[in-house]
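# Below are the sequence and a predicted model for it; my questions follow.
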Amino acid sequence: MKRFAHARFPNVFATLAGGLSVLAAGAAVAAAPAVAASAAAAPAVGSSASGPFGVIGEPGSVEASPAWTAAEPANAWAATWTASPQPLWDASFVLPTGMPDSLRNQTVRETARISVGGKRLRVVLSNRYGVEPLVIGAVHVARASFEKAPSPSSDRALRFGGQPGVTIAPGAQAVSDPVDLPVPALGELVVSTYFPQVTPVTTFHWGAQQTALIAEGDATGQRELPGARRLDGRAFLAGIWVEGPPRAPVVAAFGDSLTDGNGSTPGANRRWPDVLATRLAPQGIGVVNAGISGARVWGDKMGQNAMARFEADVLSQPGVRTVVIAIGINDIGWPDSGFAPHDAPMTAAKLTEGYRQLAQAARLRGLRVVGATLPPFEGSLHGTPLAGHYNPAKNALRLEVNHWIRDSGVFDAVADFDVALRDPSHPARMLPVYDSGDHLHPGDAGYQAMAQALDDATLFGR
């Protein structure tokens, strides 16, 4: 199977009327007019944040206010849910993708629990790693019923530039027209997407901890999907935005499988970003999960390296004011294991240089940057072909990197996931009550403890 290492996220969004990312010409030909038309009501996404959350810049700095100010819009768009896109990998890799090779005359139905609510929403579809135009025939969105099926009274057919479908250029994404659909904070939505022609599944999200369904034909408007088959992952669905108060902040969780929620109860929304969203929703603060299982700061395979995807997955997400950077354990664990047997060992100097670049990129866009220490992983994946993920030398490197995260001053604040999860009597390993069983990923209780390590002072400096 062809690798997509050359694929990258092009600059298909322009900063219009204060910073809402919208489609530029060629990104999605049918969507552009409608999205651009609404950009004038957008907030400043990349500018320095102020107001109740303070002015965000270099650590300890105070930025001067501009000499002029524009009238603030009554409402603005904010990301309320994301699933970071990944490229396919070939069959030589130790883990299968679990994706079908292609879709044809089929509907994919996915469930997503949003963080903050609003009266209108948009859906984002991605062809980031495609090499051919992606043809979407129809998309419906609805509030989920108790049975996770669409609630009939809330079912809405989406439009893209006024049309029921859209063609998305390779490397681009499409944002739907706004649709009137009041959705509550922490509510679940069902998104059904119809693929009318042969569609290679080139852009997906692995291990979504959520079961999707594949049905034959255009079933976007149907409540029940008899004969549908299960899909463990996501295909092309990348985000949901809601319209709400201007400057309502969003926290982006940027990480690997420990952010993506591996080890948590499937379908129960118990990843640490989910737990954090539950706590912050009453304050009107959103949380989006930009975690990718297998993600690394420097390496590609189960997704692009962190610096290559940071712009699309965090910096371009509307409303993001704080980013939590929680990634790096795979950079340490993968070399000399079944994941990357021929990779050179990681060094502290290289890994921390990656953190420094991410923090600088975020700060230049006005974001508050929280660094997270790497949790203990002694015995991780023991008894499997991937047991080389841990050894004492790798743990020593983890401790060195954690010391730098805590003391370098590169981050505005630090979330000490290491302290939150480790066994006080044996700090190299995870406390058993927090361990999912593989000694690498927490279970539900562990993810709860990680969310508790992120108090308001850490996230917002207050």
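That came through, no problem. Numbering: from 1, shown residues only.
# ok, the residue nearest to the spatial centre of the chain to residue 443 distance?
By C-alpha atoms, centre = their mean, the chain has its centre lying nearest to residue 290, at 2.0 Å. The spacing between residue 290 and residue 443, counted by C-beta to C-beta, to the nearest Å, is 22 Å. For every residue, glycine as well, the C-beta is placed using N, CA and C.
# neighbouring strands for the host helix or strand of the residue nearest to the centre of the chain, and are they parallel or not?
Using DSSP states H and E, residue 290 sits within strand 286-291. Next to strand 286-291 in the sheet, as set by DSSP bridges, lie strand 250-255 (parallel).
# what's the following helix or strand after the strand holding residue 290?
That would be, after strand 286-291 and using DSSP H and E, helix 306-310.
# List the buried residues in that following helix.
For helix 306-310, burial by neighbour count (16 or more other C-beta atoms under 10 Å) applies to 306, 309, 310.
# Likewise for stretch 235-254?
Those would be 235-244, 246-254, for stretch 235-254 by 16+ other C-beta under 10 Å.
# Among those residues, which are located in strands?
Among those, the members falling in strands (DSSP state E) are 235, 237-244, 250-254.
# show me what contacts residue 204?
85, 86, 88, 97, 99, 233, 234, 235, 236 (C-beta atoms under 8 Å, 6 or more residues apart in numbering).
# cool, and residue 115?
Residue 115 sits in contact with 80, 81, 185, 186, 250, 277, 280, 281, 285, 286, 287, 288, where contact means C-beta under 8 Å, 6+ apart.
# Does the last one touch residue 322 like I think?
I take that to be residue 288. No: using C-beta atoms under 8 Å, residue 288 is not in contact with residue 322; the gap is 10.9 Å.
# Looking at the two, which is more packed in?
The neighbour comparison of residue 288 against residue 322 (other C-beta atoms under 10 Å) goes to residue 288, with 31 against 26.
# Would you map the strands across the stretch 351-462 of the chain?
Assigned by DSSP state E, counting those that start in this stretch, the strands in the stretch 351-462 of the chain fall at 368-372, 413-415, 422-423, 426-430.
# Kindly report the same for the stretch 51-200 of the chain.
Using DSSP E, counting those that start in this stretch, strands in the stretch 51-200 of the chain cover 76-82, 86-87, 102-103, 106-113, 118-126, 134-136, 138-143, 156-157, 166-168, 173-175, 179-183, 188-195, 199-200.
# could you dump the ones you listed to TSV with distance to residue 328?
Shown next, in TSV, are the strands of the stretch 51-200 of the chain (distance: least, C-beta to C-beta, whole Å):
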stretch	distance to residue 328
strand 76-82	21
strand 86-87	18
strand 102-103	35
strand 106-113	27
strand 118-126	25
strand 134-136	32
strand 138-143	35
strand 156-157	41
strand 166-168	32
strand 173-175	27
strand 179-183	35
strand 188-195	32
strand 199-200	32
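# Burial check on residue 133, number of neighbours?
14.
# contacting residues around it?
127, 167, 168, 169, 170.
# Now do the contacts for the third one.
Contacts for residue 168 (C-beta under 8 Å, 6+ apart) come out as 27, 28, 125, 126, 127, 130, 133, 134, 136, 174.
# let's go with 7 Å and repeat that
28, 125, 127, 133, 134, 136, 174 (C-beta atoms under 7 Å, 6 or more residues apart in numbering).
# For the nearest residue to residue 246 once chain neighbours are set aside, give me the pLDDT.
Nearest non-adjacent residue to residue 246, counting by C-beta to C-beta, 6 or more residues apart in numbering: residue 76, 4.3 Å away. The model reports residue 76 with a pLDDT of 94.
# Quick check: residue 76 touching residue 250?
No: Residue 76 is not in contact with residue 250 according to C-beta atoms under 7 Å; the separation is 10.8 Å.
# The nearest residue to residue 126 once chain neighbours are set aside and residue 427: what is the separation?
Spatially, and ignoring its direct neighbours in sequence, residue 126 is nearest to residue 238 (3.8 Å; C-beta to C-beta, 6+ apart). Remark: distance between residue 238 and residue 427 (C-beta to C-beta) = 38 Å.
# which residues does residue 75 contact?
Counted by C-beta under 7 Å, 6+ apart, residue 75 has contacts 41, 243, 244, 245, 246.
# Would you format those residues as JSON lines with pLDDT and distance to residue 147 included?
Converted to JSON lines, the contacts of residue 75 look like this (pLDDT from 0 to 100; distance: C-beta to C-beta, whole Å):
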{"residue": "41", "pLDDT": "34", "distance to residue 147": "36"}
{"residue": "243", "pLDDT": "97", "distance to residue 147": "28"}
{"residue": "244", "pLDDT": "91", "distance to residue 147": "28"}
{"residue": "245", "pLDDT": "89", "distance to residue 147": "33"}
{"residue": "246", "pLDDT": "86", "distance to residue 147": "36"}
